[in-house]
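S.K.: Below is the sequence, then the predicted model.
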Amino acid sequence: MVTIASFSPEVLSQACELLSSGDVVAIPTETVYGLAADATNDKAVAKIYAIKQRPEFNPLIIHCHSAQQAKSYVQFDKRAEKLADAFWPGPITFVLKRYPDSAISFLASSGLETLAVRIPAHPVAQALIKAYSKPLAAPSANLSQTISPTSAIDVQASLGNRVPLIIDGGQTRVGVESTIIDLTEAIPHILRPGGISVEQIQAVIGTVDLSRRAGIKAPGMMARHYAPSVPMRLNAAAPLKGELFLGFGSMDCDYNLSPSGNLEEAAANLFRMMRLMDRQNIAGIAVAPIPKHGLGLAINDRLMRAATREE
Ligand code: TXA
Ligand code: MG
């Protein structure tokens with residue numbers, strides 16, 4: 001049986017025990033809930049893939065409690081320093097060269113010479129990583145190719161009895177995953193738009209390349225991801241018969257990502273509303289146009305993946 005528990009000193013030590021015995025724990029972060037395991041333990045990492053039914057070529061993000069801890073596993077440069085100062089802890093992940101003797105499981109990085117590292121801002125994630133003292137590998141806590149969870153109930157619905165413990169930290173604040181930026185080359189590449197916008201990043205380190213999104217470097221960036229079970233139609237002016245209408249801004253619709261047209265609010269509501277609609281007996285989901293700036297880029301990216309039917 002899965003236990004869903006609010007954070008307490010007892011739950012913290014229970015979580016640490018599970019992690020050190022090679023088990024997984026579902027934890028809240030400020031973006032989405034993560035399925036966490038000891039990033040230095042190959043068997044524990046393998047368990048993540050098994051539980052998520054995730055293809056093993058898809059590398060995982062390594063969660064640390066401080067930039068200092070992250071620096072013991074990957075090679076920082078000026079750009080990483082600047083971005084860390086500006087946005088960590090927070091919803092941005094850096095892909096950097098890993099030190100060859102780093103203790104991180106190679107399974108977690110799918111055998112790559114690089115590692116994706118991030119420092120989550122959620123107090124529960126922070127406290128757990130600090131208490132455990134080793135970094136945690138944590139993909140989103142849902143079955144592969146389904147909508148990422150933004151509450152403990154979502155995790156339970158997706159992974160149910162496959163996990164021993166879900167720590168309940170409430171509805172997540174950001175609601176979409178972290179931005180992933182590849183810093184291993186002369187020009188930084190955004191591999192996945194997310195909680196920190198491209199505009200925010202450019203204000204700190206200048207030009208970044210967006211062309212490699214969904215790209216080669218992140219084999220996990222599959223087109224079909226975050227998918228509800230019914231077809232989705234994007235940039236729709238109005239719903240067709242049998243469709244639910246997901247709106248944005250002041251308009252008539254079934255669910256509204258942000259009646260006031262606020263992109264941060266829309267990101268926070270996106271996965272939750274997709275789940276709510278998916279649970280109903282409908283022919284499809286029509287989605288109103290969402291602006292393509294700021295967090296709108298991450299929202300449009302997730303919608304596009306959700307709307308892709310093949311793979
Ligand atoms: O907000 C988030 O980032 C959430 C929370 C739980 O922290 N985590 C998350 O992890 O979204 P996951 O595993 O669902 O997504 C990780 C993405 C994958 O698409 C993977 O391809 C990419 O990160 N990735 C991981 N390591 C990489 C590497 N070394 N090079 C390129 N891409 C990498
Ligand atoms: Mg995911």
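M.R.: Nice, I can see it. Numbering: from 1, shown residues only. Ligands and ions are numbered 1, 2, ... in the order given.
S.K.: Extract the C-alpha trace of the longest helix along the chain and format it as PDB.
M.R.: The helix that spans the most residues within the chain, counting by DSSP state H, is helix 263-278. The C-alpha trace of helix 263-278 is given here as PDB (Å, rounded to 0.1, in the frame of the first residue of the first chain):
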ATOM      1  CA  LEU A 263       1.000  32.900 -18.500                       C
ATOM      2  CA  GLU A 264       2.400  31.900 -15.100                       C
ATOM      3  CA  GLU A 265      -1.000  31.100 -13.800                       C
ATOM      4  CA  ALA A 266      -1.700  29.200 -17.100                       C
ATOM      5  CA  ALA A 267       1.400  27.100 -16.700                       C
ATOM      6  CA  ALA A 268       0.500  26.200 -13.100                       C
ATOM      7  CA  ASN A 269      -3.000  25.100 -14.200                       C
ATOM      8  CA  LEU A 270      -2.000  23.300 -17.500                       C
ATOM      9  CA  PHE A 271      -1.500  19.700 -16.400                       C
ATOM     10  CA  ARG A 272      -4.100  19.800 -13.700                       C
ATOM     11  CA  MET A 273      -6.800  20.900 -16.200                       C
ATOM     12  CA  MET A 274      -5.700  18.400 -18.800                       C
ATOM     13  CA  ARG A 275      -6.100  15.700 -16.200                       C
ATOM     14  CA  LEU A 276      -9.600  17.000 -15.200                       C
ATOM     15  CA  MET A 277     -10.700  17.000 -18.800                       C
ATOM     16  CA  ASP A 278      -9.200  13.600 -19.600                       C
END
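S.K.: Now do the buried residues in it.
M.R.: 263-275, 277-278 (16 or more other Cβ atoms under 10 Å). For glycine as for every other residue, the C-beta is placed from the backbone atoms N, C-alpha and C.
S.K.: Does anything pack onto that helix? Which helices or strands?
M.R.: helix 152-159, strand 243-247, strand 255-256, strand 284-287, helix 296-307 (3 or more Cβ pairs under 8 Å, 6 or more residues apart in numbering; DSSP states H and E).
S.K.: ok, which residues in the chain are in contact with ligand 1?
M.R.: Within reach of ligand 1 by Cβ under 6 Å from any ligand atom, the chain has these residues: 29, 31-32, 34, 58-61, 91, 93, 95, 109, 112, 114-116, 120, 138-140, 177-178, 180, 191, 217-221.
S.K.: How many residues are close by V287?
M.R.: 29 (other Cβ atoms under 10 Å).
S.K.: Give me the distance between it and ligand 1.
M.R.: Distance check for V287 against ligand 1: by Cβ to the nearest ligand atom, to the nearest Å, it reads 21 Å.
S.K.: Spit out the contact partners of that residue.
M.R.: If you count contacts by Cβ atoms under 8 Å, 6 or more residues apart in numbering, V287 has them with M232, R233, L234, N235, A236, F245, L246, L303, A307.
S.K.: D254 too?
M.R.: So D254 contacts P239, L244, F245, L246, G247, M277 (Cβ under 8 Å, 6+ apart).
S.K.: let's see it at 7 Å
M.R.: Going by Cβ atoms under 7 Å, 6 or more residues apart in numbering, D254 touches L244, F245.
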